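1. no FASTA, just this:
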């Protein structure tokens, strides 16, 4: 695989030939490879590797501790939520109890008021009845008196006799 | 054609301008600072800075850069974990370095005018040998001589005569397949890009109707470029996951079969 190389390099080596197979370059190649590769190896082994590993490890640690913290916070939040639910249920029960109690006292008051009102009404009715009865008695009295006077007047007109009121009353009472 | 198509020129390893004298010698071999050396230095500097500076300790909400650095870290960590299990994570720095080195080499190689480190068989083969060497060391350290059971599948003895050599050969060819896969992928992609770029230049300078036709290879370059970005990542991933799979065998032998 030879080709004409018109470039005359300053290298003191023979022209032509497949460049990678020119054995006279091998010592230089191997020498510099050993130097540079050894340098790279030491740098990566002692400096770059630990550095990158440190960052990766600390990130992993930070992520893990963050996850643990978040897990803990979630547990706390769940506990708080459960406590809230319990408190809510308690409050609701208490509120229901209070409402029930309120309703009962209200009912009792209503019943009391109703009873009082009924008693009042009954009293008023009794008073009214009494007044009616009294009026009736009084009216009856007036009727009797009127009858007596009428009887006196009638007797006087018919007979010309004067009848005493007592007699008239007697007569009215007997009739 | 005045412009000669030289798609292989981009793979030429050559000393940087003004540095054409060897820095020193190792066992008689001259060592140069080449265009490839420069790219390798850039790769490790860019990768090191990117993976270090974007990440601020304690910044839990990442910036864009930090989340990319973290993503690459976790990507490799998950890869090792799923391929080898918990005990493979010990080898994380090695696999991570391999992945990052290959990935950044591939990506920086995509920058026009730069150099693709992984398009060199010497580099990929050296990395593959490193992997296999680690596998062998880990295997013998974990299982002692029992590591050799890796080459003995569960089968009747008369089949073992056939199977053991096959297992040994398949183990020994791993560094070759591992390195050639990466090398060939990067080489082929960049060669293709250079060939089509050559077409654009050739057609564009041909004049007349051909100048207009240059748009066709141009569009192809855009498409191939996108494909190469995928390949750049994919090959880095393949290299790393195969490393994990080989490590898993060294750690657990054939337990999972």
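-> Nice, thanks for sending it over. Keep in mind that this is a model prediction, so the values were computed, not measured.
2. So for residue A:7, what's the pLDDT?
-> Note on residue A:7: pLDDT of 43.
3. what's the answer for residue A:142, then?
-> 87.
4. With the one 10 residues further on instead?
-> Predicted confidence (pLDDT) for residue A:152: 85.
5. show me what contacts it?
-> Each residue near residue A:152 by CB atoms under 8 Å, 6 or more residues apart in numbering or on different chains is listed here: A:162-163, A:165, A:168. C-beta coordinates here come from the backbone N, C-alpha and C atoms, glycine included.
6. which bits of the stretch 101-250 of chain B sit near chain A?
-> With CB under 8 Å from any CB of the partner chain as the criterion, the stretch 101-250 of chain B meets chain A at residues B:101, B:119-123, B:126-127, B:183, B:187.
7. how close does residue A:54 sit to chain B?
-> 5 Å (CB to the nearest CB, to the nearest Å).
8. For that residue, the count of nearby residues, please.
-> For residue A:54, the count of nearby residues is 13 (other CB atoms under 10 Å in any protein chain shown).
9. if we look at the helix or strand encompassing residue B:123, which residues are touching it?
-> Taking DSSP states H and E as the criterion, residue B:123 maps to helix B:121-143. The contact list for helix B:121-143, computed with CB under 8 Å, 6+ apart, reads A:20-21, A:25-26, A:29-30, A:33-34, A:37, B:36, B:91, B:94, B:98, B:101-102, B:105, B:117-118, B:147, B:149-150, B:174-176, B:178-180, B:182-183, B:239, B:242-243, B:246-247, B:249-251, B:253.
10. Helices of chain A, start to end?
-> For chain A, the helices defined by DSSP state H occupy A:26-43, A:49-159, A:165-174.
11. winner for burial among those helices?
-> Ranked by mean neighbour count, those are led by helix A:26-43 with a mean of 19 (mean count of other CB atoms under 10 Å in any protein chain shown).
12. is that one anywhere near chain B?
-> Yes - applying CB under 8 Å from any CB, one finds helix A:26-43 touching chain B at A:26-34, A:36-37, A:39-41, A:43.
13. Please work out which residues outside the helix or strand bottoming out on mean pLDDT in chain A touch it.
-> Least confident helix or strand of chain A, by mean pLDDT, DSSP states H and E, is helix A:165-174 with a mean of 80. With CB under 8 Å, 6+ apart as the test, helix A:165-174 has contacts from A:144, A:147-149, A:151-152, A:155, A:163.
14. Next: stretch A:33-43.
-> Contacts of stretch A:33-43 (CB under 8 Å, 6+ apart): B:40-41, B:43-44, B:47-48, B:51-52, B:93-94, B:97, B:100-101, B:122-123, B:126-127.
15. Return the subset of those lying in helices.
-> Short answer: these in helices (DSSP H) are B:40-41, B:43-44, B:47-48, B:51-52, B:93-94, B:97, B:100-101, B:122-123, B:126-127.
16. Restricted to buried residues, select those residues in ChimeraX.
-> If you want just the buried ones from the ones in helices among the contacts of stretch A:33-43 in ChimeraX, going by 16 or more other CB atoms under 10 Å in any protein chain shown, the selection is:
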select /B:40,43,44,47,48,51,52,93,94,97,100,101,122,123,126,127
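17. ok, and the closest non-adjacent residue to residue B:32?
-> Ranked by CB to CB, 6 or more residues apart in numbering or on different chains and with sequence neighbours excluded, the top spatial neighbour of residue B:32 is residue B:15, at 4.1 Å.
18. In this structure that neighbour contacts residue B:31, no?
-> No - if you go by CB atoms under 8 Å, residue B:15 and residue B:31 don't touch, sitting 10.0 Å apart.
19. These two - which one has more neighbours?
-> The residue with more neighbours, out of residue B:15 and residue B:31, is residue B:15; 25 against 18, by other CB under 10 Å.
20. how about stretch B:173-189: buried residues?
-> B:174-175, B:178-183, B:185-187, B:189.
21. what sits up against that stretch?
-> Outside stretch B:173-189, the residues that touch it by CB under 8 Å, 6+ apart are A:20, B:11, B:102, B:106, B:109, B:116, B:118-121, B:123-125, B:127-129, B:131-132, B:224, B:227-228, B:231-232, B:235, B:238-239, B:242, B:246.
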